[in-house]
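A.B. asks: From the sequence below, what's the structure:
(chains A and B, ligands or ions: 5)
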Amino acid sequence: METPVAVKPKIAFFDFTSCEGCQLTVVDSLADHIELLSVVEIVQFREAMSERGEDYQIAFIEGSCTRPSDEPRLKAIREQADIVVALGACAHLGGINSIRNRQPLQDVRAYVYGEEAELFETYPARPISAVIDVDVSIPGCPINPREFVQTVKMLLQGRQPEPPDYPLCIECKSLENVCVYLRGKTCLGPITRAGCDAICPAYGDGCEGCRGIISNPNYEAMKAVLDWHGLDMAEVEAKTTMFLTYQTMNMDEKKENGHGH
Amino acid sequence: MDFKIMPKSALPDWVKKLTILYRVVAPVPKHGQIVFDEITDPSTLTMLYPQSVLPPKKYLFPQHEVMLNYKLDGSWFEANIESEPTVVLGIHTCDLHAVKLFDRIFSQGYADQHYQARRDDIFLVSIECLTPCTDESFCRSMGTLSATSVFDLHLIDLGEDYAIEIGSDRGESLLNGFKNVFNATSTDEERVNDRLKDKWAEFPYRLDFDVTELSGLLAENFSSEYWDELGEICLACGQCTQVCPTCYCFDITDERSLTGEIGQRTRTWDSCQIDMFAEVAGGHNFRKSRAARQRHRFMRKGKYQMDAYGLVGCVGCGRCAEACLVGITPVKTFNAIHKRQLEKEEA
Ligand code: SF4
Ligand code: SF4
Ligand code: SF4
Ligand code: SF4
Ligand code: SF4
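C.D. replies: Numbers count the residues shown, from 1 in each chain, chains lettered A, B, ... in the order given. Ligands and ions are numbered 1, 2, ... in the order given. As a prediction, the model looks like this:
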């Protein structure tokens, strides 16, 4: 049996391109589980404190990599930390930031920054795993507090946390929600990773896939279902673009190159 | 047949009385669907209902269940058995057949004490179906359209009255002291017989062959290309197994307290349709393809349960067919395999 943690591990939080919503969820989760604060020492957390320590063992990274200068920063964190955790959809998937990947970059820059566009360096948004090795991901937009607490607990116990790798429909059906397809809407539940208690379908909305795609989805069948429910190609693309642009563009590319199935 | 008569108008009073003594669960409307839920007010209950989203099996084998609490150093452990006396009211006969199968599965070999405790606490009050519950049901083909021995009380709608067949002493005890139940007369017996006779015409056979041929048919078609065709279109979403009254696969997880001294073991419904289901230690997955998983599902429903427990593993409730977004259904699958078999034999 493992002994309980003797020395308090030092943990740090970092943000890249994101809305900071996941860090806010962290603040809330810690407030609800103060016992965690007695077993770790937080050395960096811009959202909640001003001190900064650089001797952390566990790094939680929020946000996606969206510009060249993000890379050395990410690599420096990887260098220092024993464990790197991607916190939320932006870090885990590229997330909302990657919507722009489907458009020409100059247009996006001009749209956002107007005449000063050239002053801002930027490139297609990517999950942090595209730049550095990631040990653990906590999915979701925003993250689920229960899952965050569970992940921290498991890391402290030296166990590997594994977010569910089965589709949302499993969870949704066990809650007896009305399938939103019966409400005339569409849903990415069949290919999306469960773990959010199917919160969107529970409130009558289709899942947009913020927790990412399961390991082995039948993406072609999913697109066919969206098509049967009246979505044209542009709408199918929009549906899979909210959080999943980086993943679905890769899947489409692989298929074009003849690797996909 | 030993039965009683209760005027329909007395049902709410009877149910009200039951709710004082027991937890009563019954079909209730929720967001335009029917779900089994606890009732305290008999006016929310509906005895004539299309299929519930989940079968009442959730009261015997819940979606999540804490099984064990323990200390990690092994100095203490205790099974967690949660059960309370519960009346399941209005269970359809197809679902009764599924309970009969569960009784065998959970008692043979290793008897599951969690299931047994709940089962002992449950009163099954079933209702005879007089018209098909949904377009997808095919109980007649599966032989589940009439009640099977496991009920405690069984209700038959006679228009103004319910005939109540007594299945057990425990069932009879639910009627004790209730003044609005009467002994059946010979006219009542005739009314019941007419009802039971007339209803069959309402239910079409939906399999193109007799269910007794199903097990052999599937055995011969283990290598059919049809499974690959299903694998192409199946989303592997697992809805079909989640809603099925005869599915009982579960996953076990252990959670530890923060400092690692106390552990808790939970079981959660699992699905053979999901990618990770057949992955074993070392990462090998012996049912990686969706085709193999669909085949496994239908083999279980049509053959394996029959081989192991002597009962067919699909009770024809149609829930999986209603749920599936790509239109994979047992009726279509079994008929398609049958058709190809005939073509093979002719060729
Ligand atoms: S609402 Fe979405 S997640 Fe729920 S069952 Fe339907 S497709 Fe699956
Ligand atoms: S239902 Fe889908 S979009 Fe909504 S929180 Fe869950 S994973 Fe995210
Ligand atoms: S419900 Fe349909 S699509 Fe989903 S796993 Fe079952 S057969 Fe496949
Ligand atoms: S396989 Fe489908 S029709 Fe058969 S019992 Fe299960 S859910 Fe009902
Ligand atoms: S499948 Fe048949 S037995 Fe079951 S509820 Fe429907 S009509 Fe009744």
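A.B. asks: What lies in contact with stretch B:336-346?
C.D. replies: B:207-209, B:213, B:217-218, B:220-221, B:224, B:226 (C-beta atoms under 8 Å, 6 or more residues apart in numbering or on different chains). The way it works is simple: take the backbone N, C-alpha and C, and place the C-beta from them, glycine included.
A.B. asks: go on, stretch B:172-184?
C.D. replies: Defining contact as C-beta under 8 Å, 6+ apart, one finds that stretch B:172-184 is touched by B:3-7, B:10, B:13-14, B:17-18, B:87, B:123, B:125, B:152-153, B:163-164, B:166, B:192.
A.B. asks: Repeat the analysis, applying 7 Å as the threshold.
C.D. replies: In this structure, residues lying in contact with stretch B:172-184 by C-beta atoms under 7 Å, 6 or more residues apart in numbering or on different chains are B:3-7, B:10, B:13-14, B:17-18, B:87, B:123, B:153, B:163, B:166.
A.B. asks: Among the residues you listed, which pair sits farthest apart?
C.D. replies: Based on C-beta to C-beta, the longest span within the contacts of stretch B:172-184 runs between B:Pro7 and B:Phe123 and measures 21.2 Å.
A.B. asks: Please say which of those two ends up with more neighbours.
C.D. replies: Shown here are B:Pro7 and B:Phe123; by other C-beta atoms under 10 Å in any protein chain shown, B:Phe123 has more neighbours (21 against 13).
A.B. asks: isn't that one right up against B:Val87?
C.D. replies: Yes: with contacts counted by C-beta atoms under 7 Å, B:Phe123 reaches B:Val87, the gap being 4.6 Å.
A.B. asks: So which residue is dead centre in chain A?
C.D. replies: Central residue of chain A (C-alpha atoms, centre = their mean): A:Ala89, 1.8 Å from the mean position.
A.B. asks: How about the contacts made by it?
C.D. replies: Applying C-beta under 7 Å, 6+ apart, the residues contacting A:Ala89 are A:95, A:139-141, A:210, A:243.
A.B. asks: backbone phi and psi for it, please?
C.D. replies: A:Ala89 has phi and psi values of phi -60, psi -40 when expressed as degrees, to the nearest 10.
A.B. asks: Can you give me the distance of A:Ile143 to A:Thr17?
C.D. replies: When C-beta to C-beta, to the nearest Å is the yardstick, A:Ile143 and A:Thr17 sit 16 Å from each other.
A.B. asks: which residues of chain B fall in helices?
C.D. replies: Counting by DSSP state H, chain B has these helices, from start to end: B:11-21, B:93-105, B:113-121, B:139-142, B:169-173, B:186-198, B:214-220, B:226-233, B:239-242, B:290-299, B:305-309, B:319-323, B:330-346.
A.B. asks: Now do the buried residues in the first one.
C.D. replies: Right, the one you point to is helix B:11-21. Neighbour-count burial for helix B:11-21, with 16 or more other C-beta atoms under 10 Å in any protein chain shown as criterion, is recorded at B:11, B:14-15, B:17-19.
A.B. asks: for stretch A:11-28, same thing?
C.D. replies: Using 16+ other C-beta under 10 Å as the test for burial, stretch A:11-28 gives A:11-23, A:25-26.
A.B. asks: what are the phi and psi values for the residue of the stretch 1-150 of chain A found nearest ligand 3?
C.D. replies: Proximity to ligand 3, evaluated over the stretch 1-150 of chain A using C-beta to the nearest ligand atom, is greatest for A:Pro139 at 21.6 Å. Per-residue torsions, A:Pro139: phi -80, psi 170 (degrees, to the nearest 10).
A.B. asks: since we're on it, how many residues are nearby?
C.D. replies: 27.
A.B. asks: for it, what are its contacts?
C.D. replies: Residues touching A:Pro139, when contacts are defined by C-beta under 7 Å, 6+ apart, comprise A:89, A:92, A:163, A:193, A:195, A:211-212.
A.B. asks: Apply 6 Å and report the result again.
C.D. replies: With contacts taken as C-beta atoms under 6 Å, 6 or more residues apart in numbering or on different chains, A:Pro139 has the following neighbours: A:92, A:163, A:193, A:211-212.
A.B. asks: Would you check those residues and say which has the weakest pLDDT?
C.D. replies: Of all those, A:Pro163 carries the smallest pLDDT score, 88.
A.B. asks: Show me the shaky parts of chain A.
C.D. replies: Low-confidence segments of chain A, defined by pLDDT under 70: A:1-6, A:117-119, A:258-261.
A.B. asks: picking that back up, kindly reformat the contacts of A:Pro139 as a markdown table containing neighbour count.
C.D. replies: As requested, the contacts of A:Pro139 are exported to a markdown table (neighbours: other C-beta atoms under 10 Å in any protein chain shown):
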| residue | neighbour count |
| --- | --- |
| A:His92 | 31 |
| A:Pro163 | 19 |
| A:Arg193 | 25 |
| A:Arg211 | 29 |
| A:Gly212 | 26 |
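A.B. asks: near ligand 2 too, which of those residues?
C.D. replies: A:Arg211 (C-beta under 6 Å from any ligand atom).
A.B. asks: So which of the contacts of A:Pro139 are in helices?
C.D. replies: Under the assignment DSSP H, those contribute A:His92 to helices.
A.B. asks: The residue of the stretch 1-150 of chain A closest to ligand 3 - nearest residue in space that isn't next to it in sequence?
C.D. replies: Spatially, and ignoring its direct neighbours in sequence, A:Pro139 is nearest to A:Arg211 (4.0 Å; C-beta to C-beta, 6 or more residues apart in numbering or on different chains).
A.B. asks: Ramachandran coordinates for the one you found?
C.D. replies: The phi and psi torsions at A:Arg211 (degrees, to the nearest 10) take the values phi -90, psi 0.
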